[in-house]
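**Q** give the three-dimensional model of this entry:
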Amino acid sequence: MSHRLDPLLRPRSVALVGASPKPGSYGRGMIEACREAGFEGSISLVNPGYERIDDLACYPDLKSLPHVPDHAVLMVANARIERVLSDVITAGVKAATIFGSGYLDDGNEVPLLDRLKAQAREAGLLVCGGNGSGFYNRVHKVRFQLGGSGAQAPGPVTFISQSGSIWAAVNENDGRLGFNLTVSSGQEIATDVADYMDFALSLETTRAIGLFIETVRSPEKFVAVLERAAAADVAVVINKVGRSEAAKRFAVSHSGAIAGDAAVYDAIFKRYGAISVNDPDELVACLQLLSCGKRLRGTGSVVAITDSGGERELLTDIATEQGVTFAELTDATQAKLAGRLEYGLTPENPLDAWGTGHGFEDIFHDCMRSLLEDPQAALGIWVADLRDGTRYHEHYATAAARIAAESDKPLAFATCFAKARNTGLATRLRDAGVPVLEGMRGAMIATRAALDYRAFRARPASSPPLPPASDVVARWRKRCEAGATFDEAEGLALLKDFGIPVVAHRLATNRAEAVAAAEAIGFPVALKTAEPGINHKSDVGGVRLRLADRDAVAAAYDDIAGRLGPRVLLAEMAAPGAEVALGFVADPQFGSVAMISAGGVLIEIQKDAVLAIPPFDVREAQGFIDRLAMRKVLDGVRGKPALDVAALTEAFARFSVMISHLGEFLAEVDVNPLIVGEKGVRAVDALIVPRRPQSN
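**A** I've put the predicted structure just below:
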């Protein structure tokens, strides 16, 4: 099946510009890389200094070639790269790989890198790089790779890295992870991570995709390819770096202040089932388990076997830390285990199966098989610090391979120490579909990732609440387009129209109106300034709470009106409860993002927030709420009653619908606090900031 990146990643012909016969040179290395990979297309060499290199003719420039190649590999210095790229485009070449950094102090006001981007994009040229290390498409035997041995066995994983060094480190692993495609995308002059992912999804061998990225240059394309990967059951594991909390823009609302770009990326990853990790070790462990050829099925959990009580305790500690639970064994499984274990050992999960060591080969084989056969088992973990040449570890590997061949459930080894010498056993077990995960923490992170990926795959279709009538939505869109920040009364009215409960409230512009409004609402009441431009009222002494009678309202009005202006809002006092905040930020890359967090005056200090991509339903809202550190407060602590979490999930889901319909017209939204009571929720305050109208 053809793909638009074929000239780049699957060319039928290539020109190596800067080819050289000098041993150790990049020009020489590229010739050898093509031949070692078994490149099946034609190879042309370009270098004015030679007429032939080995058995191949060498031409002075691209225009001298007898045919136009699909792809040109540019091994030239920055000072020459702009001219050579022009030659590539003039010759009609469709794709290029650029290794040069694109940085050059040549006195030009437009940086070289920007000029190269403009050249490539104007010509529609596909480019790998610059400032990268190339790529290796093992499926089609195309290796335009700067350095590295290229000796790894082919496998089901695609790895794409914007860092050439990280690409080299992971690409040159010890063989426990096999690749079909590896790409060092570098500066992504014309072709980016999303493009390479899309190509990987066209390969039948792709089981998992790993990314090491600093940014996403084509957000819409990236989201679309994540959706494609999810539909194709191709797991995506991402190490996103540069995770600053700074949103890199001034924020009017609390939401904007606490929702940094890293949190937005995490929300995108979670929405589309991508696994987020913290470093390349975690990346490799997750890719190993998610590409082993077997997926976790059903609703069961983990079974594990160890040959040490200390190992079992370490496993349990780290599993608990990572939120990994162990399966409850059936009576039948416990009976099978009891029949095989030596005296004094308990048939339980995790299982310590080492007794005297007599007959350990059969004991461990039979016990691990029984554990994996348990109806509640979804994944087997065999804890052992495998070492090449160690007799009983060789027996473990043989037993594990036999069990894996008989079972449809994944089985993996987990070492306690990440530096064991086990390359031989690891590659042998890899071929048997049993990954060897180095280090207990990495193994449990990978296990948690596999469980999460199963949950994502099993999720029901989302059913967000219905929006209000179309004319109501249209009216609010028109109001947002006007551009002025909403006053509090408008903000509460907007929330109410989208089904979010709000406190009863009225505006007043003099003392008599304020007293009358309070009497109509019913005491006690809150009185707040409603003057335009005051976004955080408590910061300027613009809020009075629990006003119990006419005199208290009159006195509060006189004080606030005298200092801040005559316009005020009177509102009912919400019943006691927990303070939560709902927010929205218009992310410059990914658009509308909803937020739920601990609320009140400490919102920015606590920073207990979860971001989510709207719209979503109450089930999904429940999951977001469950991730809050304050979640236990909602269930009641220290004798306090449980609060109405169901009403909160409904409100957050409805808020997400509001954001999905109006987000393109909004800059920020801050509903703080939303009071969660024993029965129901009430929005007490709302700051709505529309986007500024675009000037013509």
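
**Q** CA atoms for contacts and neighbours, from now on please.
**A** OK.

**Q** what's the burial count for the closest residue to residue 589 other than its chain neighbours?
**A** Sequence neighbours aside, residue 219 is the residue nearest to residue 589 in space, at 6.0 Å (criterion: C-alpha to C-alpha, 6 or more residues apart in numbering). Other residues lying near residue 219 total 15 when counted by other C-alpha atoms under 10 Å.

**Q** again, but for residue 533
**A** 11.

**Q** give me the pLDDT value at it.
**A** pLDDT for residue 533: 82.

**Q** next up, the contacts around it.
**A** With contacts defined as C-alpha atoms under 8 Å, 6 or more residues apart in numbering, residue 533 is in contact with residue 485.

**Q** helix, strand or coil for it?
**A** Following DSSP: H, G, I helix; E, B strand; the rest coil, residue 533 is assigned to coil.

**Q** tell me the spacing between it and residue 550.
**A** 28 Å (C-alpha to C-alpha, to the nearest Å).

**Q** over to residue 609?
**A** 39 Å.

**Q** between those two, which one's more packed in?
**A** Neighbours were tallied for residue 609 and for residue 550 using other C-alpha under 10 Å; the higher tally belongs to residue 609 (26 against 17).

**Q** for the more buried one, name its beta-bridge partners.
**A** With DSSP bridges as the criterion, residue 609 is bridged to residue 597.

**Q** from what I can see it touches residue 595, true?
**A** Yes - Residue 609 lies in contact with residue 595 (C-alpha atoms under 8 Å); the separation is 6.8 Å.

**Q** quick one, what contacts the residue nearest to residue 277 when sequence neighbours are not counted?
**A** In this structure, residue 277 finds its nearest non-sequential neighbour in residue 239, 5.1 Å apart by C-alpha to C-alpha, 6+ apart. Going by C-alpha under 8 Å, 6+ apart, residue 239 touches 211-213, 276-280, 283.

**Q** which ones among the residues you listed lie within helices?
**A** 280, 283 (DSSP state H).

**Q** which residue is nearest the middle of this protein?
**A** Note on the chain: the residue nearest the mean C-alpha position is residue 269, at 3.1 Å, using C-alpha atoms, centre = their mean.

**Q** doesn't residue 263 make contact with it?
**A** No - assessed by C-alpha under 8 Å, residue 269 is found out of contact with residue 263, at 9.8 Å.

**Q** number of nearby residues for the closest residue in space to residue 578 that isn't next to it in sequence?
**A** Among residues not flanking residue 578 along the chain, residue 676 sits closest, at 5.1 Å (C-alpha to C-alpha, 6+ apart). Around residue 676 there are 24 other residues, counting by other C-alpha under 10 Å.

**Q** pull the helix or strand with minimum mean pLDDT from this structure.
**A** Confidence across the helices and strands of the chain bottoms out at helix 254-258, with a mean of 38, counting by mean pLDDT, DSSP states H and E.

**Q** which other helices and strands contact the next helix or strand after it?
**A** Going down the chain from helix 254-258, the next helix or strand is helix 261-271, by DSSP states H and E. For helix 261-271, the packing partners by 3 or more C-alpha pairs under 8 Å, 6 or more residues apart in numbering; DSSP states H and E come out as strand 275-277, strand 609-612.

**Q** again, 10 Å this time
**A** Taking 3 or more C-alpha pairs under 10 Å, 6 or more residues apart in numbering; DSSP states H and E as contact, the helices and strands that helix 261-271 lies on are helix 219-231, strand 235-240, strand 275-277, helix 440-458, strand 578-587, strand 591-598, strand 609-612.

**Q** dump the ones you listed to CSV, plus mean pLDDT and distance to residue 491.
**A** Listed next are the helices and strands packed on helix 261-271 as CSV, based on pLDDT from 0 to 100; distance: least, C-alpha to C-alpha, whole Å:
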stretch, mean pLDDT, distance to residue 491
helix 219-231, 97, 30
strand 235-240, 96, 36
strand 275-277, 97, 35
helix 440-458, 97, 35
strand 578-587, 92, 12
strand 591-598, 94, 16
strand 609-612, 93, 21
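
**Q** which one of those lies nearest to residue 22?
**A** Between residue 22 and the helices and strands packed on helix 261-271, the shortest gap by C-alpha to C-alpha is with strand 235-240, which sits at 37.6 Å.

**Q** I'd assumed residue 648 was in contact with residue 619.
**A** No - Residue 619 is beyond contact range of residue 648, at 11.5 Å (criterion: C-alpha atoms under 10 Å).

**Q** on that earlier part again, JSON lines for the helices and strands packed on helix 261-271, including distance to residue 467?
**A** Shown next, in JSON lines, are the helices and strands packed on helix 261-271 (distance: least, C-alpha to C-alpha, whole Å):
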{"stretch": "helix 219-231", "distance to residue 467": "24"}
{"stretch": "strand 235-240", "distance to residue 467": "33"}
{"stretch": "strand 275-277", "distance to residue 467": "31"}
{"stretch": "helix 440-458", "distance to residue 467": "26"}
{"stretch": "strand 578-587", "distance to residue 467": "17"}
{"stretch": "strand 591-598", "distance to residue 467": "16"}
{"stretch": "strand 609-612", "distance to residue 467": "18"}
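
**Q** got a list of what the residue nearest to the centre of the chain touches?
**A** 223, 226, 236-238, 263, 275-276, 612-613 (C-alpha atoms under 10 Å, 6 or more residues apart in numbering).

**Q** mind checking how far the host helix or strand of residue 689 is from the chain centre?
**A** In the assignment (DSSP H and E), residue 689 maps to strand 686-690. How far strand 686-690 lies from its chain's middle: 28 Å, per C-alpha atoms, centre = their mean, to the nearest Å.

**Q** just stretch 496-507 next, same as before
**A** 35 Å.

**Q** tell me the buried residues in that stretch?
**A** 497-507 (16 or more other C-alpha atoms under 10 Å).

**Q** and that stretch, end to end?
**A** By C-alpha to C-alpha, the extent of stretch 496-507 from end to end equals 16 Å.

**Q** walk me through the domains of the protein.
**A** The record's domain split for the chain, according to automatic domain parsing, is 6-288, 293-458, 504-573, 578-690.

**Q** circling back to that earlier point, common neighbours of residue 269 and residue 263, please.
**A** Residues touching both residue 269 and residue 263 (C-alpha under 10 Å, 6+ apart): residue 612.

**Q** what's the local residue count around residue 291?
**A** For residue 291, the neighbour count with other C-alpha under 10 Å is 22.
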